[in-house]
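Participant: attaching a predicted model along with its sequence, questions to come.
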Amino acid sequence: MKHLIFFLGFFLVTEVGSFDLVIDGIPDVSISRQGPGLPSSLKSKLKLQLRSTSDWGYVGDLVEDDDKIGLYSYKVQSTITSRLANTMIQAKMVNNAKRPQHIVFDVQVPKGAFIDNFTMDVNGITFTSSIREKAEARRMYSQAKAKGKAAGIVRSNALDMENFKTEVNVPPGTKIQFELHYQEMIRRKLSSYEHTISVKPGRLAKHLEVDVRIIEPQGLRYVHVPNSLGDHFDGITTISKGEKKAHISFKPTMTQQRKCPTCSSTAVDGNFVVQYDVNRETTGGELEIFNGYFVHFFAPENLDPLPKNILFVIDVSGSMWGLKMKQTIEAMKAILSELRAADQFSLVDFNHNVRCWRDNLVSATPAHVEDAKKYIQTIHPNGGTNINEALLRATFILNEAQNLGMLDPNSVSMIVLVSDGDPTVGELKLTAIQKNVKQSMKDEFSLFCLGIGFDVDYDFLQRIATDNRGMAQRIFGNQETSAQMKKFYNQVSTPLLKKIQFNYPQESVSDVTQSSFHNYFGGSEIVVAGKVDTENLQHLESIVTATAANAELVMETLRDVEELDGFMKKDRYADPDFTRKLWAYLTVNQMLAERNMAPTAALKRNITKSILQMSLDHHIVTPFTSMLIENSEKDEIMLADQPKDPRRGCCPGTLGLTPNAPNNNKGIPTWANVTAVPVSFMPEQMSPPVSTVSINRVDNDPHFIIHLPKSQRNICFNINSEPGNILNLVSDPGTGVVVNGQLIGAKKTENKKLSTYFGKIGFYFKNKGLKVEISTKTVTLKDGSYSITLTWSDTGHIIRKQLLISVKKESNVTITVGEKMSFMVLLHRVWKNHPVNVDFLGIYIPPENQLSPAAHGLIGQFVSEPDVYIHNQRPGQAPEKPQATMEVKGNKFTVTRGLQKDYRTDRVFGTDVQCWFVHNSGKGFIDGHYKDYLVPHLYSFLKKP
């Protein structure tokens, strides 16, 4: 495949009039100019500037090659604002030869980046750029060329990086400055954002600098700069990292740039790489709102992987012979070793024929994996390439497994194709292959493609992968092929969620980018953006629904629309347009992908118009626009042109794309499309009662309040036990429900007493096989070997087997079991530097819960309400605390009238609840001694006495 090259040829000459117009490095036409040559205005300006003093400062001491061209400075400045990177590459050069000659500005731009500006200054004469519709730009260029005013053209093809090359023929002594600007969204892969900047100045620079600033409102987890330019520059890069900002600087001196102490060539020749990640407090993602746009970053962690059903389809045609096959075998053996026990897999290899290691999916047991490795080892490449038949065989195996009920409903099914060439056997028409695969692939399946080397039609792989909810990756056929394959597999090896749907209030947002996604893979990130009516909105709410390994998730996020205003206005480096640019970047890429898959010519034309308008509105070069570069008098014109590439795929690094799903479900709230949750089981319908009196509760140190519905009395008692002990609250063998609480202690004693609180509460629903652990940090649902965790920073819901867990941010957790019972756990936060107090939990259990008569425990025993007789009320030691005599369960003792707190409606001060207090850890009121309720584990049933 041809290398992608942006090439711009521009020539400035003196009096004599002959120059070659260079297109893609090949002389295209010779144009002779008689008489004055360039316009007189341009000539006079050049002569004037040649005699004037440059504002660059002293330009001596430049190291020149044989061509006598000196590089005064080479500067790269890049600022990342919430994943949006704006990069500027600037070079200042001077022609110190005694003759006119070419000066070249040649830089690499990451594929997927949008070039948005290019300027050139030749001895003070500035050329600036504008974006035009491609046909209009070419027409203007042709007209200028006919008049002798045109001077160049830029061409582009597709590859991993794009070359932007500018070549200018200038007189002796000319000083020239090039400056290129581009923007890109930094994608998260393998748990890291990686910003790659090509730094290839080509010669020693008097001043060389790479300056990168990162501004992330979420907060920076880490910043790392690998030594990608080589050990030669070890220790030169400096990193300054704050909580939300970082500054990276690379400024080697001219001596440090040299390949060797006596060399005149530069060692700076490669990629400068910055890696970082951000803090994530919420599973529901981060909403950032600014200047009328919102961006939703979604990258949940601490989720168990979904099981996967994976077919590896490997090209073993003759073109794979040698290093390619050797590296592929090495990679496949490593990949097979990483399959999980819950995964199912098989292998299909093909040349002109198609073979299967197994005709069906098998479990990834050690024996099966070892057998597959031996099979891979015996492959000998030969013959042609029958891609169509190989992919249809793989889809048949997946379809058959699904029809036979062999696929876990929560699993993810995928095909991974590895090939190095175009089809040579069977169906040869690429559009027919794409159609055949699309028809045979079910909506639940995904296709991922690895194209090895440059003979493969990578654009076709992109189209067929995107068409089937996957992505493609180019693998370079060299010694690193195996590592590249393994790295790609690692990106898709850990599916954490499927059927992800983002919902926003329709009356408040518009022009939302893709909001429905097939899969979410661990270490990646889903990004959704849109416009938001900040004038008439105080908060923006989002609801994300998804299927996890063992539960359905409903995640809520709420953000103040002005939350970022102060932060953004204080930082002079932050891009105030980052939300708009991110929205435009996602929208244009999405439309390019939609155009790719448009079924009709009319629809394709409409999408093309939309892409063109977006390109013009946001001043970016796309396949349908060109960049015109002109001087102020507009008597010289150049054309920066990227030809149409209708085969270009969407969104590099985005995994598992699906079209937007219609919002046709009624959920919570009404605008949310909660497709994963049965409508009859909406969280808003299952809220527990919040009565201020009729509830049993344990809160604070720990204070128990038992409500007796028949007598309408509240009885209170405290339990004084040791930190670490686990108390049984409910143990019901009849319904299979257990509730236990583990005590934690205060930081130190007060008045010779160490206060204890519940720091962890465990729920075990034996009949469902579910366990829930709630601590002061996390909320975790466990189902066998699978688990899913939310933090107290989240607002959301987990649904599994008709059990609903609802988390309200930094407030409470409600567990609802069908319509039979519910529990509420309150979170109490204290100042983290408090000398004594610690965070703790309180639990509230409605007496209406349908526990069985066999229920016991400190609270469960009162399901069957005992007869309580309180009499002989009399003054106590304090006037506000009268005493009385209580008779219950054959016991007779003194109780004290007092107040306890209910914190459900007021978590700071609580609501006063009157009760009769039983002293001595409830002795006489509870059965036996409180120590009888100690259990060994958080999910243990209480042993029968």
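Facilitator: Noted; the coordinates are in hand. Bear in mind that the values here come from a model prediction, so they are computed numbers and not experimental data.
Participant: just for the chain, where's the confidence low?
Facilitator: 1-65, 147-160, 477, 479, 641-694, 697, 699-700, 905, 907, 945 (pLDDT under 70).
Participant: go with 80
Facilitator: The chain contains residues with pLDDT under 80 at 1-67, 141-161, 454-455, 476-479, 633-702, 901-910, 944-945.
Participant: now the helices for it?
Facilitator: 40-51, 134-146, 254-257, 323-337, 366-377, 387-403, 430-440, 458-466, 481-492, 565-570, 578-596, 601-618, 919-922 (DSSP state H).
Participant: and of the ones you listed, who's closest to residue 82?
Facilitator: Proximity to residue 82 (C-beta to C-beta) singles out helix 578-596 among the helices of the chain, at 5.4 Å. For every residue, glycine as well, the C-beta is placed using N, CA and C.
Participant: in terms of secondary structure, what does that closest one contact?
Facilitator: Judged by 3 or more C-beta pairs under 8 Å, 6 or more residues apart in numbering; DSSP states H and E, helix 578-596 is in contact with strand 84-95, strand 175-185, strand 286-290, strand 293-298, helix 458-466, strand 526-532, helix 601-618.
Participant: quick one: that helix to chain centroid distance?
Facilitator: Remark: helix 578-596 is offset 16 Å from the chain centroid, using C-alpha atoms, centre = their mean, to the nearest Å.
Participant: number of residues surrounding residue 270?
Facilitator: 14 (other C-beta atoms under 10 Å).
Participant: and what of the one 3 residues further on?
Facilitator: Residue 273 is surrounded by 15 other residues when neighbours are defined as other C-beta under 10 Å.
Participant: got it, and residue 899?
Facilitator: The burial count for residue 899: 14, using other C-beta under 10 Å.
Participant: ok, residue 486 next?
Facilitator: 16.
Participant: kindly report the same for residue 408.
Facilitator: By the criterion of other C-beta under 10 Å, residue 408 has 15 neighbours.
Participant: ok so, going back, tabulate the helices of the chain in JSON lines, adding columns for distance to residue 725.
Facilitator: Converted to JSON lines, these look like this (distance: least, C-beta to C-beta, whole Å):
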{"stretch": "helix 40-51", "distance to residue 725": "85"}
{"stretch": "helix 134-146", "distance to residue 725": "75"}
{"stretch": "helix 254-257", "distance to residue 725": "63"}
{"stretch": "helix 323-337", "distance to residue 725": "44"}
{"stretch": "helix 366-377", "distance to residue 725": "42"}
{"stretch": "helix 387-403", "distance to residue 725": "50"}
{"stretch": "helix 430-440", "distance to residue 725": "60"}
{"stretch": "helix 458-466", "distance to residue 725": "56"}
{"stretch": "helix 481-492", "distance to residue 725": "44"}
{"stretch": "helix 565-570", "distance to residue 725": "45"}
{"stretch": "helix 578-596", "distance to residue 725": "51"}
{"stretch": "helix 601-618", "distance to residue 725": "63"}
{"stretch": "helix 919-922", "distance to residue 725": "12"}
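Participant: mind checking which of those is nearest residue 222?
Facilitator: The nearest among the helices of the chain, by C-beta to C-beta, is helix 481-492 at 19.1 Å.
Participant: excluding chain neighbours, what is closest to residue 241?
Facilitator: residue 223 (5.1 Å; C-beta to C-beta, 6 or more residues apart in numbering).
Participant: dump the residue contacts of the residue sitting nearest the centre point of the chain.
Facilitator: Among the residues of the chain, residue 525 comes closest to the average C-alpha position under C-alpha atoms, centre = their mean, at 1.3 Å. By C-beta atoms under 8 Å, 6 or more residues apart in numbering, the contact list for residue 525 reads 187, 188, 297, 298, 299.
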